[in-house]
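Undergrad: The sequence and its predicted three-dimensional model are supplied below.
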Amino acid sequence: MPRNDAALLAGRDLTRGETLKKFAHPNEQLQIIMRGAVDVVEREELLAKLTRSYDSSVGLTILAGFDPSSPDLHLGHTVLLRKMRQFQELGHDVIFLIGDYTGKIGDPSGQDKTRPQLSKEQIDQNTQTYKDQVYRILDPEQTRIEYNSSWLTKLPLEEILSLAEHVAVKDLVSRPDLGDRTDLQLRELLYPVLQAYDSIHLKVDVEVGGEDQIPNLILARKLMTCLGIEPQCILATELLEGIDAHLEEGQMIGKKMSKSEKNTIGISESADQIRGKIRRLDHGLVWRYFELLTDCSMPQIRAYQSDLDAGKRSWDEILDRLADDIIDTVQGTSKDR
């Protein structure tokens, strides 16, 4: 029988900051988590999982993986982290996975050349900074941190070969982001297989990732199905453009936020540094940042746009509002406005 929200509220202690969002209807949950998403695989499966969770009062297992390829998290990472926080607020169990093993291989997704292999020392250093920064967004009491070296270093070759039986090389090399790579290495082709094993090992219900990760996440679904495991659903989020992007003839021009492109805002930067970079954003990028990086509702964003058009607000006011919201999210130090 579906659970009775009023009865649950009466029987549970809400003094620890629990919110009513945890008791939201599955359709309402889906609406919340779909903001900023570009794809969901499969929507009806996800709704069924949310319904099962709602009826049983047992949270789903939500995974997002991060390879420690750079020492600092930036606002592009917070798109995923904020989505994970939404799942936490809805009562689900979140796993922050640090790909300290797969990071040695390097994710080939979206790359035009082989990533340089990181040393163990680099990975260990980057891993520590991730741990120090992630709780700026996630609730530490509801976050489970895992390292895929814990199981991948013990994975027998026989089991890897068994997984590989279900993966056709032509499917990997025909991917749009890999098909033109003349320097593609065999070790890189193992990356999506090992990433998929993470989901198998952790018994994941939903994996969250950027839209550039969709091929890898779909492979995890395929392997789970082949092994007789209920496949994970996929929630793919939009990629955040870097601060050098601009709007040109209605099209956003620019690459995603990336340390290698030197177009980031780091979540550990000072409030003044963050505000200064926000104030220099192309105006066409501002609304994207509001949608993906703040809790500002879509009606409120549209109201800001209307106020701007009507001369009731200036661009300086809008940019400061955006900066305040972002600073408050990553540091909790913005002024009340």
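TA: Looks like it came in fine.

Undergrad: okay, CA-based contacts and neighbour counts for the rest of this
TA: Will do.

Undergrad: Kindly provide the distance from residue 114 to residue 105.
TA: 10 Å (C-alpha to C-alpha, to the nearest Å).

Undergrad: Show me whatever sits in contact with both of those two.
TA: residue 188 (C-alpha atoms under 8 Å, 6 or more residues apart in numbering).

Undergrad: Looking at those two, which has the bigger crowd around it?
TA: Neighbour count, other C-alpha atoms under 10 Å: between residue 114 and residue 105, residue 105 has more, with 21 against 16.

Undergrad: Surely the more buried one and residue 192 touch.
TA: No: using C-alpha atoms under 8 Å, residue 105 is not in contact with residue 192, being 10.2 Å away.

Undergrad: pLDDT below threshold where in the stretch 1-150 of the chain?
TA: Low-confidence segments of the stretch 1-150 of the chain (pLDDT under 70): 1-21, 112.

Undergrad: What are the boundaries of the strands in it?
TA: 37-41, 61-66, 93-98, 143-147 (DSSP state E, counting those that start in this stretch).

Undergrad: can you give me the offset of the first one from its chain's centre?
TA: Put plainly, it is strand 37-41. Averaging C-alpha positions (C-alpha atoms, centre = their mean, to the nearest Å) puts strand 37-41 12 Å from its chain's average.

Undergrad: Please apply the same query to the third one.
TA: Relative to the mean C-alpha coordinate of its chain, strand 93-98 is positioned 11 Å out (C-alpha atoms, centre = their mean).

Undergrad: which helices and strands does that strand pack with?
TA: strand 61-66, helix 75-89, strand 143-147 (3 or more C-alpha pairs under 8 Å, 6 or more residues apart in numbering; DSSP states H and E).

Undergrad: Pull up the pairing partners for it, direction included.
TA: Here strand 93-98 is paired, per DSSP bridges, with strand 61-66 (parallel), strand 143-147 (parallel).

Undergrad: Figure out which of those is closest to residue 270.
TA: Closest approach to residue 270 among those (C-alpha to C-alpha): strand 61-66, 23.3 Å.

Undergrad: contacts for the closest one?
TA: 80, 84, 87, 92-99, 199, 203-209.

Undergrad: before we move on, what about stretch 305-321?
TA: 275, 278, 279, 286, 304, 337.

Undergrad: Tell me how far the most centrally placed residue in the chain lies from residue 272.
TA: Closest to where the C-alpha atoms of the chain average out (C-alpha atoms, centre = their mean) is residue 80, at 2.1 Å. Residue 80 is 24 Å from residue 272, where distance means C-alpha to C-alpha.

Undergrad: Would you map the helices across the stretch 201-337 of the chain?
TA: Remark: helices assigned in the stretch 201-337 of the chain by DSSP state H, counting those that start in this stretch are 214-226, 271-279, 283-293, 298-309, 315-330.

Undergrad: still on that earlier bit, out of the helices and strands packed on strand 93-98, nearest to residue 30?
TA: helix 75-89 (10.1 Å).

Undergrad: Extract the CA atoms of the closest one and return them as PDB.
TA: Output in PDB follows, covering the C-alpha atoms of helix 75-89 (Å, rounded to 0.1, in the frame of the first residue of the first chain):
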ATOM      1  CA  LEU A  75      31.300  25.100 -10.800                       C
ATOM      2  CA  GLY A  76      31.000  22.600 -13.700                       C
ATOM      3  CA  HIS A  77      31.300  19.800 -11.100                       C
ATOM      4  CA  THR A  78      28.600  21.500  -8.900                       C
ATOM      5  CA  VAL A  79      26.000  20.800 -11.600                       C
ATOM      6  CA  LEU A  80      26.300  17.100 -10.700                       C
ATOM      7  CA  LEU A  81      26.800  17.800  -7.000                       C
ATOM      8  CA  ARG A  82      23.700  19.900  -6.800                       C
ATOM      9  CA  LYS A  83      21.700  17.200  -8.500                       C
ATOM     10  CA  MET A  84      23.000  14.700  -6.000                       C
ATOM     11  CA  ARG A  85      22.000  17.100  -3.200                       C
ATOM     12  CA  GLN A  86      18.500  17.200  -4.600                       C
ATOM     13  CA  PHE A  87      18.300  13.400  -4.500                       C
ATOM     14  CA  GLN A  88      19.500  13.600  -0.800                       C
ATOM     15  CA  GLU A  89      16.800  16.100   0.000                       C
END
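
Undergrad: which strands and helices sit next to that helix?
TA: Helix 75-89 packs on helix 26-34, strand 61-66, strand 93-98, strand 206-210, helix 283-293, going by 3+ C-alpha pairs under 8 Å, 6+ apart.

Undergrad: Just the CA atoms of the last one, as CSV, please.
TA: Listed next in CSV are the C-alpha coordinates belonging to helix 283-293 (Å, rounded to 0.1, in the frame of the first residue of the first chain):
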residue,chain,number,x,y,z
HIS,A,283,25.2,38.4,-20.7
GLY,A,284,23.9,35.5,-22.8
LEU,A,285,25.5,33.1,-20.3
VAL,A,286,23.9,34.5,-17.2
TRP,A,287,20.5,32.8,-17.5
ARG,A,288,22.2,29.4,-18.0
TYR,A,289,24.2,29.9,-14.8
PHE,A,290,21.0,30.8,-12.9
GLU,A,291,19.3,27.7,-14.1
LEU,A,292,22.1,25.2,-13.5
LEU,A,293,23.9,26.7,-10.5
